[in-house]
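What follows is a predicted protein model with its sequence.
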Amino acid sequence: MKYSEFKSSVSRFLRQQLSLTDYIDVHAADANIRNNIPFRGPNIYILFVAIIIASVGLNVNSIPVIIGAMLISPLMSPIIGFGMGLGTNDTDLLLKSLKNLGIMFVISLLASTLYFLVTPLETDNPTELLARTNPSIYDVLIAFFGGIAGILELSRKEKGTVMSGVAIATALMPPLCTVGYGIAKWNWDYAGGALYLFFINCMFIALATYLAVKFLNFPAKVQQKSYRTLISYGLLILVVLVPSFFSAYTIVLENRFANTARHFVKENKAIGGTYIYDYSTDMSTKPYTLTLRLAGETLSNEARARFYAEAEKQGISHSQLLFQEDATIEVRRLNETEIMRDWIASTEAQLRQREDSIRTLAARLEAYESQTLPTEQIAQELHAQWPGIEDVTLGRADSTVLLVMTSKPASGKESSIKEDDLNRIEKWLAVRLQTHSVQVYLLPHKSAKHH
């Protein structure tokens with residue numbers, strides 16, 4: 001087969017596969033969209049109910065409830081009608097769509113504001129509400145491509161379930177409910193961010209509809225184009241886009257810092273005898289901060305300097321790196337009884353100066369002793385199973401049991417306790433102490449030189 005014949009065959013195949021002519025009925029779609037724009041009768045009650053359901057879902061952070069409300073909502077029709085009005089030069093359709101969208105907007109705000117004024121529920125961490133207050137360029141992309149999917153679904157002869165997915169993806173209702181929450185709670189940051197997200201969704205669904213209507217050759221009402229309307233809409237889109245880029249840039253920075261923090265912790269799990277058993281990042285501060293929760297040896301100045309140096313290599317400055325040393329202990333302590341004795345000795349001076357706190361400290365001590373771990377028994381059992389283990393320290397950090405131990409070198413500087421042994425010890429100790437959270441650390445042998 002010659003190249004020209006092959007090229008012609010491929011071109012013909014692609015035209016057959018990508019052609020929409022046999023699957024699209026623009027006249028039926030035009031009539032369907034126009035008929036669904038008027039907002040009266042049952043649609044008003046359906047919208048009101050859907051808004052209340054979505055508000056409840058946001059209030060209790062329930063994603064399934066929010067999705068259900070989005071499937072019920074009739075908000076999409078006037079937005080698509082507006083885009084079709086632009087594409088067909090139909091001023092009457094534009095005004096009709098805007099009017100009905102305005103009615104829907106007012107009803108939605110009234111319903112959501114009323115709900116959040118009377119609800120007794122207070123969400124400590126309203127993640128679903130927060131998700132609607134910081135839109136970015138990614139929300140623009142979702143609205144635009146969702147709008148394209150929506151108008152294509154409405155235009156094809158055999159309807160499917162695409163509109164349900166579009167309603168969920170573009171999420172028109174949750175932002176309106178969040179605006180109502182902001183008004184009810186006088187939280188204008190929430191209200192402003194959510195209103196911005198709603199406008200983004202509306203504008204780019206309409207833009208996608210306009211482009212699809214032009215591409216599919218919907219019948220125009222008048223041939224004369226309204227350039228003034230198109231230019232105004234284009235300028236409005238540019239104005240709306242600018243803040244979304246800044247928001248997207250912030251999201252990228254937060255994601256980059258989170259990945260950097262995760263990589264830093266993975267690469268520096270232990271420095272000397274100090275171990276990172278947990279960490280957290282805080283993106284609400286400027287600059288962002290990384291907090292390390294430490295166990296093992298008390299952090300020395302040398303170890304702290306090494307942590308800072310390794311963090312600098314990853315692009316994390318001194319001011320961004322914080323330490324939490326609640327679980328660190330002195331390596332010389334061999335059992336929990338000695339740990340308690342040292343703790344009591346270190347607090348005696350404070351107890352003498354603050355006699356009114358003795359009762360509180362005694363209660364804390366009694367509660368701690370009720371959870372005393374069988375350190376000596378555990379040490380004997382470990383030594384019986386792994387003779388290479390020498391010193392053993394057992395303690396708690398919140399709900400986590402920490403086991404820190406040293407081992408005899410098997411040959412040269414190599415430890416006699418291997419990684420597989422540590423895994424088996426961790427599983428054994430979890431069963432032995434009937435706990436789900438155990439972390440095991442192996443310290444260098446005392447005679448070993450630290451590098």
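Now that the structure is in, tell me what you want to look at. Residues are numbered from 1 along each chain as shown.

For this protein, name the helix or strand with the lowest mean pLDDT.
For the chain, scoring each helix and strand by mean pLDDT, DSSP states H and E identifies helix 358-369 as the least confident one, at a mean of 56.

State the distance from residue 439 to residue 376.
Note on residue 439: its distance to residue 376, by Cβ to Cβ, to the nearest Å, is 20 Å. Every residue, glycine included, has its C-beta placed from N, CA and C.

let me redo that: residue 255
To residue 376, residue 255 is 48 Å away according to Cβ to Cβ.

More neighbours: the two, which one.
Under the criterion of other Cβ atoms under 10 Å, the comparison of residue 255 against residue 376 puts residue 376 first, with 14 against 11.

which SS class is that one?
Look at residue 376: counting by DSSP: H, G, I helix; E, B strand; the rest coil, its state is helix.

if I look at it, how far off is residue 385?
Distance of residue 376 to residue 385, computed by Cβ to Cβ: 15 Å.

what bridges to residue 442?
Beta-bridge pairing for residue 442 (DSSP bridges): residue 405.

my guess is it contacts residue 418, does it?
No. Under the criterion of Cβ atoms under 8 Å, residue 442 makes no contact with residue 418, lying 9.5 Å away.

Counting neighbours, go ahead and name the busier of those two.
Comparing residue 442 with residue 418 by other Cβ under 10 Å, the one with more neighbours is residue 442, at 20 against 14.

for the stretch 251-400 of the chain, what spans make up the helices?
301-313, 336-353, 358-369, 375-385 (DSSP state H, counting those that start in this stretch).

least reliable of those helices going by mean pLDDT?
Set side by side, those give their lowest mean pLDDT on helix 358-369, at a mean of 56.

Measure how buried residue 234 is and give me the count.
Residue 234 has 11 neighbouring residues, counting by other Cβ under 10 Å.

Within the helices and strands, which one has it?
With elements taken from DSSP states H and E, the one containing residue 234 is helix 227-267.

Compute the distance between residue 218 and residue 324, please.
Distance from residue 218 to residue 324, counting by Cβ to Cβ: 62 Å.

more crowded one of these two?
Neighbour tally, residue 218 and residue 324, criterion other Cβ under 10 Å: the higher count belongs to residue 218, 22 against 14.

Can you pull the phi/psi pair for that one?
For residue 218, the backbone dihedrals (degrees, to the nearest 10) come out as phi -60, psi 150.

Now do the strands in the protein.
Ranges of strands in the chain, per DSSP state E, are 270-271, 274-282, 289-297, 321-329, 389-397, 400-407, 409-411, 414-415, 438-443.

Could you list the alpha-carbon positions for the second one in CSV?
Right, the one you point to is strand 274-282. What follows is strand 274-282, C-alpha atoms only, in CSV (Å, rounded to 0.1, in the frame of the first residue of the first chain):
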residue,chain,number,x,y,z
THR,A,274,16.8,10.3,67.7
TYR,A,275,14.0,9.0,65.6
ILE,A,276,11.0,10.7,63.8
TYR,A,277,7.9,8.7,64.7
ASP,A,278,5.4,11.2,63.3
TYR,A,279,5.2,14.6,61.6
SER,A,280,2.7,17.2,60.5
THR,A,281,2.6,20.2,58.2
ASP,A,282,0.8,23.5,58.7
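
Against which helices or strands is that strand packed?
The contact analysis (3 or more Cβ pairs under 8 Å, 6 or more residues apart in numbering; DSSP states H and E) places strand 274-282 against helix 227-267, strand 289-297, strand 438-443.

worst average pLDDT in those?
If you rank those by mean pLDDT, helix 227-267 sits at the bottom with a mean of 74.

Near residue 56, how many other residues are there?
17.

now the nearest residue to it once chain neighbours are set aside: how far from residue 176?
Among residues not flanking residue 56 along the chain, residue 65 sits closest, at 6.1 Å (Cβ to Cβ, 6 or more residues apart in numbering). In this view, residue 65 and residue 176 are 15 Å apart by Cβ to Cβ.

where does residue 128 land on pLDDT?
pLDDT at residue 128 comes out at 60.

hmm, I was thinking of residue 15
At residue 15, the model reports a pLDDT of 69.

try residue 437
So residue 437 comes in at 84 (pLDDT).

all helices of the stretch 101-250 of the chain, in order?
With DSSP H, counting those that start in this stretch, the ranges of helices along the stretch 101-250 of the chain come out as 127-130, 137-155, 162-170, 173-184, 188-215, 227-267.

Return the most buried member of those.
Highest mean neighbour count among the helices of the stretch 101-250 of the chain (mean count of other Cβ atoms under 10 Å): helix 173-184, with a mean of 26.

Output the contacting helices and strands for that helix.
Helix 173-184 sits against helix 42-59, helix 63-72, helix 91-118, helix 127-130, helix 188-215, with contacts defined as 3+ Cβ pairs under 8 Å, 6+ apart.

Among the ones you listed, single out whichever gets nearest to residue 8.
With Cβ to Cβ, the closest approach to residue 8 among these belongs to helix 188-215: 24.8 Å.

picking up where we left off before, what about the residue nearest to residue 56, neighbour count?
18.

what does residue 374 give?
Residue 374 has 14 neighbours, counted by other Cβ under 10 Å.

just the one 5 residues further on next, same as before
For residue 379, the number of neighbouring residues by other Cβ under 10 Å comes to 20.

so how far is residue 316 from it?
As judged by Cβ to Cβ, residue 379 and residue 316 stand 38 Å apart.

remind me which residues of the stretch 51-200 of the chain are low pLDDT?
Where the stretch 51-200 of the chain drops to pLDDT under 70, the residues are 123-134, 159-162, 164.
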